[in-house]
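Asks: take this sequence and fold it.
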Amino acid sequence: MNNIGKAIKLDVLSVMPYMTVKNLVVLVALGSFYVLLLKTPIMSVVMTQIFSLMFATYPFMVGDQAGIDPLFKIMGIKSDDVVSGRYLLAFLLIVSMLIVGIVMAALGSILYPSENLTSTLLSSAATMFIVSSLVVFIQYPIFFKMGYLKARTIGMMPFFLIGIAIFAAGRLSFKLQNLVAYVMQHKYIFIFALLAFWCLAFFVSIVLAKKFYRQRDF
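Replies: Residues are numbered from 1 along each chain as shown. The predicted model follows:
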């Protein structure tokens with residue numbers, strides 16, 4: 001665990017120059033814009049997750065540009081610890097940005113009040129956590145195998161899939177309503193299945209990432 005902590009600390013130090021006030025201003029501005037545009041404070045939760053996924057790729061970007069990866073070996077940090085540290089850091093970023101999004105949504109609710117704001121925020125946060133972490137589960141093995149510069153185009157694949165899913169949901173809104181109704185009738189089974197799928201996706205992702213990173217030469 002000590003080496004995982006060292007790996008996280010080194011990653012955080014390497015990406016700190018990118019965590020600027022400018023990025024924070026852009027985050028708040030975009031979140032506020034979409035809240036006003038769509039008249040729903042939940043959009044702030046969505047926008048903060050887009051930023052969390054962007055921040056989660058920074059260690060790979062900096063690692064390729066500045067040659068950070070060989071430094072892990074010099075410091076005696078095993079490749080498996082680097083992988084575990086990156087996944088843990090990604091989760092911390094996702095949760096941190098969710099908290100920011102919830103605070104922004106609570107402020108946005110002053111303009112657009114909702115009777116079920118608390119339950120809506122919690123369900124939206126849980127949904128976005130699952131979606132964001134699944135994106136990480138797809139991206140990270142690719143980045144660990146190929147590096148950020150070679151794999152950044154492939155790493156955009158989850159966003160295309162999400163876009164296709166949103167488009168399909170819009171085109172099939174009637175069937176989607178039936179699906180939502182069915183899920184609500186069997187919500188505990190659905191939650192269990194979703195958690196099982198999430199755990200499986202995480203296990204497969206981190207196993208592949210560790211395997212690929214061990215095979216990398218630096």
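Asks: center of the chain - which residue?
Replies: S132 (3.3 Å; Cα atoms, centre = their mean).
Asks: buried stuff in the helix or strand containing that one?
Replies: For S132, the element it lies in under DSSP states H and E is helix 117-146. Applying a neighbour-count criterion of 16 or more other Cβ atoms under 10 Å, one finds 117, 120-121, 124-125, 128-146 buried in helix 117-146. All C-beta atoms are positioned from the backbone trio N, CA, C, and that covers glycine.
Asks: go on, stretch 85-105?
Replies: Quick answer for stretch 85-105 (16+ other Cβ under 10 Å): 85-87, 89-91, 93-94, 97-98, 100-102, 104-105.
Asks: three-state assignment of I77?
Replies: coil (DSSP: H, G, I helix; E, B strand; the rest coil).
Asks: still on that earlier bit, now, the buried residues of stretch 85-105 that are in helices?
Replies: Among the buried residues of stretch 85-105, the members found in helices (DSSP state H) are 85-87, 89-91, 93-94, 97-98, 100-102, 104-105.
Asks: neighbours of D69, how many?
Replies: Neighbours of D69 under the rule other Cβ atoms under 10 Å: 20.
Asks: ok, it to P17 distance?
Replies: Noted for D69: a distance of 18 Å to P17, by Cβ to Cβ, to the nearest Å.
Asks: ok, G31 next?
Replies: According to Cβ to Cβ, G31 and P17 sit 23 Å apart.
Asks: just S84 next, same as before
Replies: 24 Å.
Asks: who has more neighbours, the two?
Replies: Using other Cβ under 10 Å as the criterion, S84 and P17 rank with S84 on top: 19 against 9.
Asks: buried stuff in stretch 3-14?
Replies: 3-4, 6-8, 10-11, 14.
Asks: give me the number of residues near M19?
Replies: 12.
Asks: name the SS class of the nearest residue to it once chain neighbours are set aside, please.
Replies: Leaving aside its chain neighbours, M19 sits nearest to F55 (7.5 Å; criterion: Cβ to Cβ, 6 or more residues apart in numbering). Here F55 is helix, with the state taken from three-state DSSP.
Asks: how about S114?
Replies: For S114, the assignment made with three-state DSSP gives coil.
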